[in-house]
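>>> Take this sequence and fold it.
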Amino acid sequence: MTESLVAGCRVLVADDSPFALELIKAILDKAGCTQLIGAGGGREALLLAGEASFDVVLLDVTMPDMNGYEVARALRATTPPPGPVIVMLSGRDIVEVDIAAREAGADGVMAKPVDRRKLLELLETLLQQRRAMAVY
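Sure, this is the predicted structure:
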């Protein structure tokens, strides 16, 4: 079995729900992520992203100060390509969120509440695609 691409990742998670934030961080900690930083909102996430480099950024779509779409657009505008893998998290209609998320520069979308297995599978897939892009 190959080693997980998620293991060793540096991850920024932005969610205004402390419960959701801690749940996602616990899932990723158990998966072997080496740096897990939580942000309680979009502005804080952008500030943290400006201070450190992340492999993955998980963004709640609906945050009071700055929504996930705005954060994703700002990250794509300020981070040299290929930038981090960006995944939007939402409890809303995923089809609607998926279209808007991709337009904002997100790589994927995950329904909330987050399912551990699905989150890790999605991150593995997106990190593998990102790694393949870096080779070419």
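>>> Mind listing the residues bridging to the residue nearest the centre of the chain?
What sits nearest the mean C-alpha location of the chain, by CA atoms, centre = their mean, is L58, with 2.0 Å. Beta-bridge partners for L58, by DSSP bridges, are V13, V87.
>>> thinking it is in contact with A20, fair?
No. Taking contacts as CB atoms under 8 Å, L58 lies outside contact range of A20: 9.9 Å. Heads up, the C-betas are built off the backbone N, CA and C, glycines and all.
>>> who are the neighbours in contact with the residue nearest to the centre of the chain?
11-15, 24, 86-87, 89, 110 (CB atoms under 8 Å, 6 or more residues apart in numbering).
>>> at 7 Å what do you get?
11, 13-14, 24, 87, 89 (CB atoms under 7 Å, 6 or more residues apart in numbering).
>>> Output those in CSV; the columns should cover pLDDT, neighbour count and distance to K30.
CSV is the format used below for the contacts of L58 (pLDDT from 0 to 100; neighbours: other CB atoms under 10 Å; distance: CB to CB, whole Å):
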residue, pLDDT, neighbour count, distance to K30
V11, 98, 25, 13
V13, 98, 26, 14
A14, 98, 27, 20
I24, 97, 26, 11
V87, 98, 24, 18
L89, 96, 26, 18
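>>> Of those, which is the nearest to P81?
V87 (17.5 Å; CB to CB).
>>> give me phi/psi at S53?
phi -100, psi 130 (degrees, to the nearest 10).
>>> cool, and V109?
Here the main-chain torsion angles of V109 (degrees, to the nearest 10) amount to phi -140, psi 140.
>>> Could you verify my assumption that it touches R92?
No. Look at V109 against R92 with CB atoms under 7 Å: they stay out of range, at 10.1 Å.
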